[in-house]
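[1] Predicted coordinates and the sequence they were generated for:
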Amino acid sequence: MKTIVLNEEERQGVLAKNAEPCVMALGFFDGLHIGHQEVIRQAKVEANKRNLPLAIMSFFPHPKTVLMKQSDFPYLMPLEEKKKSMSSLGVDLFYVVPFNQAFASLTPEAFVKQYLLTLGVKHAVAGFDFHYGNKGVGHMDRLAADSGNLITTTSVSKLSRNGLKISSSYIRSCLQQGEVDLASALLGRPYQVELQRKGSTYWVKPYYTLPALGEYEVNCQGDKGMHTVKVLSKEEVEWQSGKTLPKELSIHWLKKIEAKEQIS
Ligand SMILES: Cc1cc2nc3c(=O)[nH]c(=O)nc-3n(C[C@H](O)[C@H](O)[C@H](O)COP(=O)(O)O)c2cc1C
Ligand SMILES: Nc1ncnc2c1ncn2[C@@H]1O[C@H](COP(=O)(O)OP(=O)(O)OP(=O)(O)O)[C@@H](O)[C@H]1O
């Protein structure tokens, strides 16, 4: 998979040499949960039908950090992790557009013309609630028209669990409640966080989010043994298994250990 950070210079470069035709899936895709995986699966089917490469367009940083100035945004995975997952899902080209005020101010038509048509998009795939363009007024029902009918579209229907749309926000709220098992079910794999040892405790690496304070059963990548950790703060984790530990850990969160009720 090729990754291209599509800054203005790159976009002008693509413009100059005519991009290869592609099928493109669009969205931020934080966590690559099972709703996202379905969008990418359907996009891959459309790409294979047309014998075209599958491209993804994502953004960075998260639009809310720019539009709502939310500086401590609780990301579920860093860009590097997203790249690995995209590649394993059969994505050929991964475009990351720097999300800034100028980009957010593009009209829906300008976005479709200057980005999608420029990048050779023939068919666009996104969820039923994908929005684009200034104030988020562009949506899948008008994308074909915004392209002058040069792009066809697939709008993916809502995938739900417990009556709620499966979403990155839903997973973030599970983490806030300590429901790491539900978060993992929505992701279709165990929720994973990378940690770095500083002294006797571990600190979360950038662009990961720890679950709520408390004790959890976890295992480490490449080691099926069960361990216990205690989340001490938004950033700090204590390892409770005693032995000497590596400098870095990649842990999978299995379940919260509920505090036993005190019987007096
Ligand atoms: C060119 C462009 C401009 C956007 N401008 C706005 C905006 O002004 N206000 C807004 O709330 N969202 C805006 N969005 C963000 C979208 O609402 C959405 O969050 C983003 O495209 C990621 O899509 P997803 O959240 O469906 O994955 C814009 C998106 C694009 C692609
Ligand atoms: N449950 C879902 N069913 C169908 N499509 C989905 C679902 N969740 C996300 N998508 C689509 O996947 C793409 C990426 O979505 P996006 O990054 O907005 O995820 P999200 O999980 O809805 O995030 P957030 O909770 O932050 O809004 C978009 O095209 C979106 O419409």
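    Okay, I see it. Ligands and ions are numbered 1, 2, ... in the order given.

[2] got the phi/psi numbers for Gly27?
    Backbone dihedrals for Gly27, given as degrees, to the nearest 10, come out at phi 150, psi 170.

[3] now it: how far from Phe130?
    Counting by CB to CB, to the nearest Å, the gap from Gly27 to Phe130 is 6 Å. Glycine gets a C-beta too; all of them are placed from N, C-alpha and C.

[4] can you check Val14 too?
    With CB to CB as the criterion, Val14 and Phe130 are 22 Å apart.

[5] more neighbours, those two?
    More crowded of Val14 and Phe130, by other CB atoms under 10 Å: Phe130, with 21 against 17.

[6] Quick one: residues contacting that one.
    26-27, 139-140, 155 (CB atoms under 8 Å, 6 or more residues apart in numbering).

[7] ok, now Ala25?
    39-40, 43, 54-57, 124-126.

[8] Select from the residues you listed every entry located in helices.
    39-40, 43 (DSSP state H).

[9] is any part of stretch 202-219 close to ligand 2?
    No. Looking at stretch 202-219 against ligand 2 by CB under 6 Å from any ligand atom, there are no contacts, and the closest approach is 12.6 Å.

[10] Over to stretch 172-183?
    No. Residues of stretch 172-183 are not located near ligand 2 by CB under 6 Å from any ligand atom, the shortest gap being 7.6 Å.

[11] what's the burial count for Gly127?
    The number of residues near Gly127, taken as other CB under 10 Å, comes to 21.

[12] Check Val96 too.
    Around Val96 there are 19 residues (other CB under 10 Å).

[13] Quick check: it vs ligand 1, distance?
    12 Å (CB to the nearest ligand atom, to the nearest Å).

[14] what sits up against stretch 31-40?
    25, 27, 29, 54, 56, 76-77, 82, 85-86, 89-91, 125-127, 156, 158-159, 165-168, 171, 186-188.
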